[in-house]
Every structure is written in C-alpha cells, then in structure tokens.
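Colleague: have a look at this prediction, sequence included:
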Amino acid sequence: MRALDRRICLTAAVMAVCYFGTLWVQDGYTFEVTPLSRDLQAIPLDLEGWRGEDIPIDESVARMLNAQQSMNRVYRDRDGTSVTTNVSAWLRPETVSEVAPHVPKLCYTNSGWTILSEREVVITTSQGSLPFITMLCEKQGERIVVAYWYQMGTSYFNSVSEARRVHRGLWGQRQWPATVKILLQTSAASLDAGLPRIERFALLLQHEMTGTGS
C-alpha cells in the first residue's frame with residue numbers, strides 16, 4: 001500500500017472513531033425530564049408566620065428566563081420584614097441542558113447593582129447540606145442581601161463548573177430531574193444583618209419544595 005493510501009485510510013479511521021464517539025456521547029445526554037413533584041404555585045402563601053403575595057413577572061423578564069414554571073412572591077412576617085422569592089423551573093431537555101441559566105450575579109450587575117461582598121453559606125437540612133451564594137448589593141444608596149442556589153433533584157450547585165459536574169453524573173440516565181433556581185432577596189445593611197432572615201426562610205421554603213423539612 002502506498003504512503004498516500006495509508007494516510008487516507010488512517011484519516012478515514014480517525015474520522016469514523018470521532019463520528020461514532022460523538023454519537024455515543026450525544027446518546028448519553030438524550031433524556032426526558034421528570035416533572036416536579038409539586039407545582040411551584042402550590043407552595044403555600046402562609047409559611048409559619050410568613051404571608052406571601054404573588055407578584056406578576058414582567059413579560060420581558062419571563063421571556064428572558066424561558067422557564068416552564070415560575071413562582072414570584074413577596075413574603076412578609078409579623079414584623080413587616082419581607083423576603084422577595086423567585087423560583088424558576090426548567091422542564092424541557094433543551095433548557096435543562098443549559099448548565100446554570102441566568103446566574104443572578106450577572107443579572108444584578110447588569111441591572112446597575114454593585115456587589116459589595118459575596119459569601120458561600122451552607123445550612124443543614126434533613127436531606128443534608130444546602131450550599132448557597134449570598135451577596136450584599138447596593139444601588140443608589142439602597143442595600144439588599146441576595147441569596148441563590150440551583151438544584152436538580154437532591155444535587156445542588158452554584159456555578160457553571162459545579163453544574164457541569166452534576167450533568168456528568170447524570171450522563172447515560174434516561175430521566176433527569178428538572179433544573180430549579182431559587183432566588184431570595186431582602187433589605188439589609190450587611191450580610192450579617194440579612195443572613196439570619198435568609199437562612200430561616202430558606203429552610204421553610206426548602207421544606208415545602210421537598211416535603212422533607214429541616
């Protein structure tokens with residue numbers, strides 16, 4: 001066999017390996033999304049002393065989120081303290097495949113907020129550790145504490161790299177959980193001032209979303 005023929009055969013073999021390898025990888029990421037065990041709108045308006053009020057989502061925001069389910073509320077306790085709560089769920093394979101849709105850090109900075117400090121916090125639930133990101137943000141003299149996390153089933157993540165790790169763990173499974181993003185916001189002058197309120201509410205919300213309690 002001439003050298004040219006050998007090179008042609010080798011190139012063809014490499015291309016075939018790449019082609020079938022790509023098909024194998026794609027097949028591992030072919031899946032259906034398991035419906036949520038509970039519709040987000042079914043989360044109670046009354047949560048152990050907190051009273052919720054539904055707030056319509058701006059149409060442009062809803063289009064940007066492209067979520068299949070959303071819950072947007074303001075919860076207030078007896079003292080008038082409030083926590084704005086947004087929960088979005090992506091239920092289609094093409095949207096679940098996006099590793100971390102609409103990272104709040106980018107959304108807030110693009111809306112004119114300055115992030116003064118940022119911290120990862122871990123709280124303990126009956127299902128184990130729940131890590132989330134907290135941020136102290138400021139705009140025109142107003143300060144807020146924002147907390148957020150993503151979850152797929154019992155897996156939690158807060159970054160694109162962590163999301164990819166979760167996705168790799170799901171590779172080959174024909175049923176994937178929905179991607180859910182939880183975003184909480186409250187007025188506070190510092191992280192330390194807002195965190196106790198955020199942590200208390202996060203535990204109540206997680207109890208309702210998982211049906212397990214803290």
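Modeller: Ah, there it is.

Colleague: how close does L204 sit to I182?
Modeller: Distance, L204 to I182, by C-beta to C-beta, to the nearest Å: 12 Å. Backbone N, C-alpha and C define where each C-beta goes, glycine included.

Colleague: neighbour count for those two, which is higher?
Modeller: It is I182, of L204 and I182, that has more neighbours when counted by other C-beta atoms under 10 Å, with 22 against 19.

Colleague: how much space between the more buried one and V33?
Modeller: Distance of I182 to V33, given as C-beta to C-beta: 18 Å.

Colleague: so R200, which state does it fall into?
Modeller: helix (DSSP: H, G, I helix; E, B strand; the rest coil).

Colleague: the helices in the chain, which residues?
Modeller: Assigned by DSSP state H, the helices in the chain fall at 3-28, 59-65, 93-96, 104-110, 160-170, 191-210.

Colleague: weakest of those helices by average pLDDT?
Modeller: Among these, helix 3-28 has the lowest mean pLDDT, at a mean of 45.

Colleague: for the closest residue to A193 other than its chain neighbours, list each beta-bridge partner.
Modeller: Sequence neighbours aside, V145 is the residue nearest to A193 in space, at 7.6 Å (criterion: C-beta to C-beta, 6 or more residues apart in numbering). On the basis of DSSP bridges, V145 takes part in beta bridges with L136, T186.

Colleague: contact partners for V145?
Modeller: 134-137, 185-188, 190-191, 193-195, 198 (C-beta atoms under 8 Å, 6 or more residues apart in numbering).

Colleague: same thing but at 6 Å, please
Modeller: The contact partners of V145, taken as C-beta atoms under 6 Å, 6 or more residues apart in numbering, are 136, 186, 188, 191, 194.

Colleague: in TSV: those, plus distance to Q41 and neighbour count.
Modeller: TSV is the format used below for those (distance: C-beta to C-beta, whole Å; neighbours: other C-beta atoms under 10 Å):
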residue	distance to Q41	neighbour count
L136	30	23
T186	22	21
A188	28	18
L191	31	19
G194	27	24
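
Colleague: list just the nearest of the residues you listed to S60.
Modeller: Distance to S60, by C-beta to C-beta, is smallest for T186 among these, at 24.3 Å.

Colleague: quick check: the closest one vs G172, distance?
Modeller: In terms of C-beta to C-beta, T186 sits 41 Å off from G172.

Colleague: what's the domain layout of this structure?
Modeller: Split into domains by automatic domain parsing, the chain comes to 1-30, 32-210.

Colleague: most packed of the ones you listed?
Modeller: Comparing the domains of the chain by mean neighbour count (mean count of other C-beta atoms under 10 Å), domain 32-210 ranks first with a mean of 16.

Colleague: distance from that domain to the middle of the chain?
Modeller: Between the centre of domain 32-210 and the centre of its chain there are 6 Å (C-alpha atoms, centre = their mean, to the nearest Å).

Colleague: compute the first-to-last residue distance for that domain.
Modeller: One end of domain 32-210 sits 21 Å from the other (C-alpha to C-alpha, to the nearest Å).

Colleague: swap in stretch 175-194?
Modeller: Note: stretch 175-194 ends 38 Å apart using C-alpha to C-alpha.

Colleague: and for it, what's in contact with it?
Modeller: 31-34, 36, 83-91, 96, 104, 117, 134, 136, 143-153, 170, 197-198.

Colleague: also stretch 33-45?
Modeller: By C-beta under 6 Å, 6+ apart, stretch 33-45 touches 52, 69, 71, 87, 89, 91, 93, 96, 175-178, 208.
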